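Peer 1: My questions concern the predicted model and sequence given below.
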Amino acid sequence: MRSNFFNNMDQGQQLPGHFALQNSKMLRVHLNGDVLARQGSMVAFQGQMEFDYEGAGGIGKFMKKALTGEGVPTMRVKGQGLLFLANDADDIHLFYLENEGITVNGKNILAYDAHLQSDIQRVQGAGIAAGGLFNTTLTGTGWVALTTHGTPVMLDCGR
């Protein structure tokens, strides 16, 4: 996984895809196809785009979402041009997954490549005090944009 968050992604590094920070609080997507984004996060766009409500992705995922309260209401954005996204002036962090997965609270997902797989999974050893029992997992190869209120803390889970 590559991210400026881990200090392992150079500014001049050429990665496939189209996510970039316009500034620390706004995501710029060079869209040529489709992307999934948090409903209501579109600030502006230039070009030809369609915005459609994205359902849960089947009855199984719908039931998981309903029973756990996890997940994020998303919209599918299709087309070509520049798309600008933001949420509540939160800080945005970009992650490039390379056939990997990331688990995060659904409310912190701003956008991700539409070809990534998403699922709601139980967090082992977590409780309500730790932020809940379920999180959203995104897997595959592509971009994920996450939001935080302020600077996040990185924990070494190997210890």
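Peer 2: Structure's in. What do you need? On a predicted model such as this, the values are computed, not experimentally measured, just so you know. Residues are numbered from 1 along each chain as shown.
Peer 1: Now residue 29: closest residue in space, sequence neighbours ignored.
Peer 2: Using C-beta to C-beta, 6 or more residues apart in numbering and skipping the chain neighbours, the partner closest in space to residue 29 is residue 83 (4.2 Å). C-beta here means a position set from N, CA and C on the backbone, and glycine is covered the same way.
Peer 1: so who does the nearest residue to residue 86 once chain neighbours are set aside touch?
Peer 2: Using C-beta to C-beta, 6+ apart and skipping the chain neighbours, the partner closest in space to residue 86 is residue 26 (4.6 Å). Contact analysis of residue 26 by C-beta atoms under 8 Å, 6 or more residues apart in numbering lists 43, 84-86, 92.
Peer 1: What strands line up against the helix or strand hosting the residue nearest to residue 29, and which way round?
Peer 2: Using DSSP states H and E, the element containing residue 83 is strand 74-85. Strands that pair with strand 74-85, judged by DSSP bridges, come out as strand 26-38 (antiparallel), strand 42-54 (antiparallel).
Peer 1: Out of the ones you listed, which one sits most buried?
Peer 2: For the strands paired with strand 74-85, the largest average neighbour count (mean count of other C-beta atoms under 10 Å) is found in strand 26-38, namely a mean of 19.
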